[in-house]
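Engineer: I need the structure of the sequence given here:
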Amino acid sequence: MITAYIALGSNLQNPQQQLHHAIAALAALRDSQLLQVSAIYRSPAIGPGEQPHYLNAVACIQTELDPEALLDALQAQEQAQGRRRELRWGARTLDLDILLYADQVIDTPRLQVPHPAIQQRNFVLYPLADICPANFVLPDGADLDTLVSNCPVGELEKTGLQLQ
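Structural biologist: Numbering: from 1, shown residues only. Model (predicted):
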């Protein structure tokens, strides 16, 4: 089994409920087991126009799915929850991204792992740090604690809401 970390985000159609449905789908994912889920964080939207704030979290799963099959399953869940890919960085019901897939570095036209913006996004780093083991190191050798300490909290807010 491979350990993978999945980022979750939503800013449309009851984001907290969208995240709950996504976690239930991860828990039911074939050949996989949901291990842990971070707290929910609220962050300003990154993208065009006026958008509602996002709710974000990170889940840790163990899976036998290969990276492309996992991506297919995540994109199917996004679509099932009303995701429409019309505008890059636009508002969305659900966004599921593979952040890490074991210690693998993947660079294909469909998938980049570690996620290419992981080091700059507080709404990914802080929830990831909530559930990663101490002294966690990313596949590129970057220390997660150092990345978090170098990434300003800004307007990121830990909500106190939980998904499990």
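
Engineer: spell out which residues sit in contact with the nearest residue to Phe136 once chain neighbours are set aside, please.
Structural biologist: If the residues on either side of it in the chain are set aside, Phe136 comes closest to Leu144, at 4.2 Å by CB to CB, 6 or more residues apart in numbering. The C-beta positions use only the backbone N, C-alpha and C, and glycine is treated the same way. Applying CB atoms under 8 Å, 6 or more residues apart in numbering, we find Leu144 in contact with 125, 128-129, 132, 136-138.

Engineer: can you pull the phi/psi pair for the closest residue to Tyr41 other than its chain neighbours?
Structural biologist: Spatially, and ignoring its direct neighbours in sequence, Tyr41 is nearest to Asn56 (4.8 Å; CB to CB, 6+ apart). Taking degrees, to the nearest 10, you get phi -130, psi 150 for the backbone angles of Asn56.

Engineer: quick check: Asn56 vs Ala25, distance?
Structural biologist: 17 Å (CB to CB, to the nearest Å).
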